[in-house]
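Student: just coords:
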């Protein structure tokens, strides 16, 4: 399908960053948005429910959920029988919450989806400031993937290259939240915690909860999810 220049596929996890990226693409850029979420065997599956709610709220053209069996590979506290580190207990450069090759796999599937719906933009909420040290959230990775996807897809070789768009890449968590609030994002819809309770509420102690709390605190705002 021929690419439309104002059409984007947004990787949507249901978390704070990806929700802000969707709001930016749909409301600030006024792109026609399609969203894609991944059922990859994550233990915190409440995020899939959140992603569906967020997609509906922003009126995406189509929300697609793809099953990817990353739990069969394991090797991550998010997919395997490994305790989620709390209160900065994991001091390694790349923590145990890293899911092997996750964004590489997700972006590949998103590009396949984009080809079928005629989108030339892949929007991802990656950022390099307040992140846990994941190698697949860096500009170098995203630039390399852009070159690869253009070499390995029909669209790319026929002269309709993809654009990987990471609008949050240089923002810290407070700046991301500030952007989202300016676009009317209700962060009570989102789920960020690596180890939520049975009701989907945050643990308050994992890295994701820490960065989220720091962001709201820096702005002098309260997290609507914590106050539920």
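Tutor: Perfect, thanks for sending it. Everything numeric here is computed off the predicted structure, so don't read it as measured data.

Student: Could you use CA atoms for every contact and neighbour count after this?
Tutor: Will do.

Student: Quick one: the helices in this protein, in order.
Tutor: Along the chain, counting by DSSP state H, helices occupy 16-23, 46-57, 102-117, 139-151, 154-157, 173-182, 207-219.

Student: Counting by contacts, list what the fifth one packs against.
Tutor: Other helices and strands packing on helix 154-157, by 3 or more CA pairs under 8 Å, 6 or more residues apart in numbering; DSSP states H and E, are helix 139-151.

Student: on that earlier part again, indicate which one of the helices of the chain is closest to residue 88.
Tutor: Judged by CA to CA, the one of the helices of the chain that comes nearest to residue 88 is helix 207-219, at 6.7 Å.

Student: Buried ones in that closest one, by neighbour count?
Tutor: Along helix 207-219, these residues count as buried under the neighbour rule (16 or more other CA atoms under 10 Å): 207-213, 215-216.

Student: ok, now stretch 143-155?
Tutor: Neighbour count says stretch 143-155 has 145-146, 149-150, 153, 155 buried, by 16+ other CA under 10 Å.

Student: quick one: contacts of that stretch?
Tutor: Defining contact as CA atoms under 8 Å, 6 or more residues apart in numbering, one finds that stretch 143-155 is touched by 104, 108, 111, 115, 156-157, 161-164.

Student: Please tabulate the helices of the chain in a markdown table, including the columns mean pLDDT and distance to residue 68.
Tutor: As requested, these are exported to a markdown table (pLDDT from 0 to 100; distance: least, CA to CA, whole Å):
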| stretch | mean pLDDT | distance to residue 68 |
| --- | --- | --- |
| helix 16-23 | 98 | 19 |
| helix 46-57 | 97 | 13 |
| helix 102-117 | 97 | 9 |
| helix 139-151 | 96 | 19 |
| helix 154-157 | 92 | 23 |
| helix 173-182 | 97 | 28 |
| helix 207-219 | 94 | 22 |
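
Student: In CSV, list those along with distance to residue 90.
Tutor: Formatted as CSV, the helices of the chain follow (distance: least, CA to CA, whole Å):
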stretch, distance to residue 90
helix 16-23, 22
helix 46-57, 23
helix 102-117, 20
helix 139-151, 24
helix 154-157, 40
helix 173-182, 20
helix 207-219, 9
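
Student: what's the residue of the chain positioned farthest from its centre sitting at in phi/psi?
Tutor: No residue in the chain sits farther from the centre than residue 158, which is 28.7 Å out by CA atoms, centre = their mean. Backbone geometry at residue 158, expressed as degrees, to the nearest 10, gives phi -100, psi 10.

Student: and it, what pLDDT?
Tutor: pLDDT for residue 158: 92.
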